[in-house]
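>>> next comes the sequence, and after it the predicted model I'd like to discuss.
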Amino acid sequence: TSGLLTATSSAFTVSPAAVASLAFTTQPSAVVAGVAIAPSVKVTATDAFGNVVPGVSVALTMTGTGTLTGGAAVVTDTTGVATFAALSVNLAGSKTLTATSGLLTATSSAFTVSHAATASLAFTTQPSAVVAGVAIAPSVKVTAKDTFGNTVPGVSVALTMTGTGTLTGGAALTTDTTGVATFAALSVNLIGSKTLTATSGLLTATSTAFTVSHAAASSLAFTTQPSAVVAGVAIAPSVKVKANDAFGNVVPGASIALTMTGTGTLTGGAAVTTDTTGVATFAALSVNLVGSKTLTATSGVLTATSS
């Protein structure tokens, strides 16, 4: 310009200076494990004057447990933005991202990764050997996990049993904040080897085998009654007495003795131990005097009288 005179130059271009800073212009948001973060995380590169800088290589890393997928280097576009369109994390928890380009870094706000849908069940405390009618201890525990191994709270898990008898305490429970369903009052009434099956929807898991043993003897019964006999001759067939617990299980190893009501002396009624079928067999039982008699079986405070 000179007085009223002007002249205009040809156009010229001012390009951005070297990249001087990085910033998350779209922060990571809460996401389910294994699912791409949406909206896509974006990092903008600018020079010292705030101009966006295209063509800058930006990569992402993560602070927090698990593996970050999709954080490999991306080049900023014409608007200076690197867009990470398929960013996912496998493990649950709080995380932050760090963007890096050369010596420059920027840190995102924290975001939370939550578990995915339940994909598996597992017995994390197996059932142990137990007495009939007594609660299994330690309590049986089942853990629900997603496909990435994250525990899943709020899942309904029920137990059923393979083997004879009735399982008590296996009704559905909800997993706690650690993904665990604890069955604290689990018991079985009948003896033998059993397994448990945990079920949640279509998912199942089977426990290791465990053994239920008999409870204390609670009743005695003559399973072979004494029959008419000649004085001094062994009663045949042999008198038999069975010991059962409160659930009807036979009780081996119980000591049973016989006494007699009626005149004379009973021979062979000394204590006999029940066999593996819970039966005490009195093989040489005889009486010396004639007349009507009854026998009484005794084991501790338990008694039973013959017919």
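It's in. Only a predicted model underlies this, so the values are computations on that prediction, with no experimental measurement involved. Numbering: from 1, shown residues only.
>>> just give me the neighbour total for residue 226.
When neighbours are defined as other C-beta atoms under 10 Å, residue 226 has 21 of them. In short, each C-beta sits where N, CA and C put it, glycine included.
>>> list the contacts for it?
For residue 226, the contact set (C-beta atoms under 8 Å, 6 or more residues apart in numbering) comprises 235, 239, 285, 293, 295, 306.
>>> before we move on, what about residue 222?
Per C-beta under 8 Å, 6+ apart, neighbours of residue 222: 239, 240, 241, 295, 297, 304, 306, 307.
>>> what's the closest non-adjacent residue to the fourth one?
Excluding the flanking residues, the one nearest residue 295 by C-beta to C-beta, 6 or more residues apart in numbering is residue 306, at 4.2 Å.
>>> check contacts around that neighbour.
Residue 306 sits in contact with 222, 225, 226, 239, 294, 295, 296, 297, where contact means C-beta under 8 Å, 6+ apart.
>>> try 6 Å this time
222, 225, 226, 294, 295 (C-beta atoms under 6 Å, 6 or more residues apart in numbering).
>>> nearest to residue 102, of the contacts of residue 222?
Nearest to residue 102, judged by C-beta to C-beta, of the contacts of residue 222 is residue 241 at 91.3 Å.
>>> and the next element down the chain from the helix or strand that closest one falls within?
Here residue 241 sits within strand 239-244, counting by DSSP states H and E. Downstream of strand 239-244, the next assigned helix or strand under DSSP H and E is strand 255-261.
>>> just the terminal-to-terminal distance for stretch 125-138.
With C-alpha to C-alpha, to the nearest Å as the measure, stretch 125-138 spans 8 Å from end to end.
>>> can you check stretch 273-288 too?
First residue to last in stretch 273-288 (C-alpha to C-alpha) measures 25 Å.
>>> what do you get for stretch 146-157?
Between the start and the finish of stretch 146-157 there is a gap of 14 Å, counting by C-alpha to C-alpha.
>>> buried residues, it. List them.
In terms of neighbour count (16 or more other C-beta atoms under 10 Å), stretch 146-157 has its buried residues at 146, 148, 150, 151, 152, 155, 157.
>>> and for that stretch, what's in contact with it?
With C-beta under 6 Å, 6+ apart as the criterion, stretch 146-157 contacts 33, 90, 92, 115-116, 118-119, 142, 144-145, 172-175, 177-179, 181, 198, 200.
>>> at 8 Å instead, please
Here stretch 146-157 has contacts from 33-34, 66, 90-92, 115-121, 142-145, 172-181, 198-200, using C-beta under 8 Å, 6+ apart.
>>> other SSEs contacting the host helix or strand of residue 106?
Using DSSP H and E, residue 106 falls within strand 104-107. In terms of contacts (3 or more C-beta pairs under 8 Å, 6 or more residues apart in numbering; DSSP states H and E), strand 104-107 is packed against strand 19-26, strand 93-101.
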